[in-house]
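Visitor: Fold the following.
(2 chains)
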2 protein chains.
Amino acid sequence: MLYDTEVIGRQTMRLTVLGGCGAWPAAGQACSGYLVEHDGFRLLVDPGYAIVPRLLERITASEVDAVLVSHGHPDHCADLHPLLRARVLVEVPAPRLPVYALPGAVDRVLALDRTVEEAHTVRTFAAGDGFEIGPFRVDTWELPHFLPNAGLRLAAGGRVLAYTGDTGPSRAIIELARGADLFLAEATYAEEVPADSAAYLSSARQAGEAAAGADVGRLLLTHLQPGTAPAGAQAAAHRAYRGEITVAHGGLVVDLG
Amino acid sequence: MLYDTEVIGRQTMRLTVLGGCGAWPAAGQACSGYLVEHDGFRLLVDPGYAIVPRLLERITASEVDAVLVSHGHPDHCADLHPLLRARVLVEVPAPRLPVYALPGAVDRVLALDRTVEEAHTVRTFAAGDGFEIGPFRVDTWELPHFLPNAGLRLAAGGRVLAYTGDTGPSRAIIELARGADLFLAEATYAEEVPADSAAYLSSARQAGEAAAGADVGRLLLTHLQPGTAPAGAQAAAHRAYRGEITVAHGGLVVDLG
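Guide: Model (predicted):
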């Protein structure tokens, strides 16, 4: 039984939310940051502003095996820099960290100073590519945002986590999320996205519609702009999607399956 | 008496430590970040990695009146970016925030994306300059670090806070700190700075020697590299300096006078 438990534990994909704020980190919170673990492999998706203090409450910097970035806005990748510092400004530096990102996405963050020059290996991909990171199969879609953004579908051990990054409305979202066990969906606003951002950001209402259309197992709303009430976002998503809906916050752990 | 209390309250310079980690933010902590208040004016000194969630636990982003940066390393200025985002990505944007910094010091942080272009006014100074920020008289000294660093002496209401930024040994430190009510001193290491950094960083032992030489009222050690034991740093500083010694940590509030 102990053996079974261990095997099940190792085989289950686990998501730990480090932060779920959109745009900037609210009081006591962090921006986008998702630790995805499977079979002992630790993939950090979107190291946004202020996630490093939350990450290090759980694991050491050297225990991160790879980083995957949806797009180059700093609320999704700024804390790559202190993470790399924590890996190399120590007596025994960690090996170079593979960072999977769209071309140029993390260049400005990596340019913040020279301490991290030998701390990373950037592996660029194009939105639309499929590839492997450790035990994860990663498929990607180009989704509309102010700058290039890759929707990410991670599969391992028969489980699927789909994540939009930041996106406006697109038919590709349904393809990305189809049948996913967990759909981690940007929902900067609850009901309506202001007109000047409507092509590039989503509401919780739209996330709910996509979750219903893609028939996902569970919906996790994230990237709420500070000040957006979680209950209002949940209610807006619930109008279209009748499955379980949660709003991402630091410390939330979801085992897929 | 109420009147007296109010006057005293308004006239006392207050330091609130948002974070005190050197190099990168440890678990649950933030890097350098010091809110200095006097007479209702809120000056944020060194908005390092991950200080914004701590700042916003205390005041709103729009309540910051000015920012002052000792040097351009991201553990001292990276969170200027999310602070500016929090001020402008809202319905009623805050006015441009004055940011006092050495030439070029915050350029890379401000270049992280375009959302903050209209959120700030950078006011450059040279190390050695003296100027006013709100109620504060600011005097500065060039102190030796890997890149240009300004030691900062803030005076208001008859009280003085002296802050090294990051520095190696220099006679100017004594001048900077002379007779200060509070000496906020970088102490990356406890006893010895590794040889390759010895010209550019300090130990708690050295900070204690400077505190004694400058006859300061109180010593606040900061910028301990994660893993450096506070008690060891305190003991190292105590060998030369016999006044009150504290190690900076998030949430510490010190009223000067």
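
Visitor: contacting residues for the residue in the stretch 101-250 of chain A that chain B sits nearest to?
Guide: Ranked by CB to the nearest CB, the top residue of the stretch 101-250 of chain A for proximity to chain B is residue A:112, at 4.6 Å. All C-beta atoms are positioned from the backbone trio N, CA, C, and that covers glycine. Applying CB atoms under 8 Å, 6 or more residues apart in numbering or on different chains to residue A:112 gives the contacts A:81, B:74, B:78, B:108, B:109.

Visitor: how much space between it and residue B:177?
Guide: Remark: distance between residue A:112 and residue B:177 (CB to CB, to the nearest Å) = 29 Å.

Visitor: Next: residue A:87.
Guide: Using CB to CB, one obtains 34 Å as the distance from residue A:87 to residue B:177.

Visitor: the more surrounded of the two?
Guide: residue B:177 (28 against 22; other CB atoms under 10 Å in any protein chain shown).

Visitor: Pretty sure the more buried one sits against residue B:217.
Guide: No: taking CB atoms under 8 Å as the contact criterion, residue B:177 and residue B:217 are not neighbours in contact, 10.3 Å apart.

Visitor: List the buried residues of stretch A:208-219.
Guide: Neighbour-count burial for stretch A:208-219, with 16 or more other CB atoms under 10 Å in any protein chain shown as criterion, is recorded at A:208, A:209, A:210, A:211, A:212, A:214, A:216, A:217, A:218, A:219.

Visitor: Same list, these, but as JSON lines with pLDDT and distance to residue A:43 please.
Guide: Formatted as JSON lines, the entries for these read as follows, by pLDDT from 0 to 100; distance: CB to CB, whole Å:
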{"residue": "A:208", "pLDDT": "98", "distance to residue A:43": "27"}
{"residue": "A:209", "pLDDT": "98", "distance to residue A:43": "28"}
{"residue": "A:210", "pLDDT": "98", "distance to residue A:43": "23"}
{"residue": "A:211", "pLDDT": "98", "distance to residue A:43": "23"}
{"residue": "A:212", "pLDDT": "98", "distance to residue A:43": "28"}
{"residue": "A:214", "pLDDT": "98", "distance to residue A:43": "22"}
{"residue": "A:216", "pLDDT": "98", "distance to residue A:43": "20"}
{"residue": "A:217", "pLDDT": "98", "distance to residue A:43": "20"}
{"residue": "A:218", "pLDDT": "98", "distance to residue A:43": "19"}
{"residue": "A:219", "pLDDT": "98", "distance to residue A:43": "21"}
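
Visitor: Columns secondary structure on top of those, output as TSV?
Guide: Compiled in TSV, those are given as follows (DSSP: H, G, I helix; E, B strand; the rest coil):
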residue	secondary structure
A:208	helix
A:209	helix
A:210	helix
A:211	helix
A:212	helix
A:214	helix
A:216	coil
A:217	coil
A:218	strand
A:219	strand
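
Visitor: ok, of the residues you listed, which one's closest to residue A:61?
Guide: Of all the buried residues of stretch A:208-219, the one sitting nearest residue A:61 is residue A:218; the distance, using CB to CB, is 29.8 Å.

Visitor: Quick check: bridge partners of that closest one?
Guide: When bridges are called by DSSP bridges, residue A:218 pairs up with residue A:244.

Visitor: residues touching residue A:170, list them.
Guide: Going by CB under 8 Å, 6+ apart, residue A:170 touches A:141, A:143, A:144.

Visitor: Could I get the phi/psi values of it?
Guide: phi -160, psi 140 (degrees, to the nearest 10).

Visitor: Residue A:68 too?
Guide: Main-chain torsions, residue A:68, degrees, to the nearest 10: phi -130, psi 130.

Visitor: Pull the contacting residues for it.
Guide: For residue A:68, the contacting residues are A:43, A:44, A:45, A:46, A:99, A:100, A:101, A:133, A:138, A:152, by CB under 8 Å, 6+ apart.

Visitor: Identify the bridge partners of the second one.
Guide: For residue A:44, the beta-bridge assignment (DSSP bridges) gives partners residue A:35, residue A:67.
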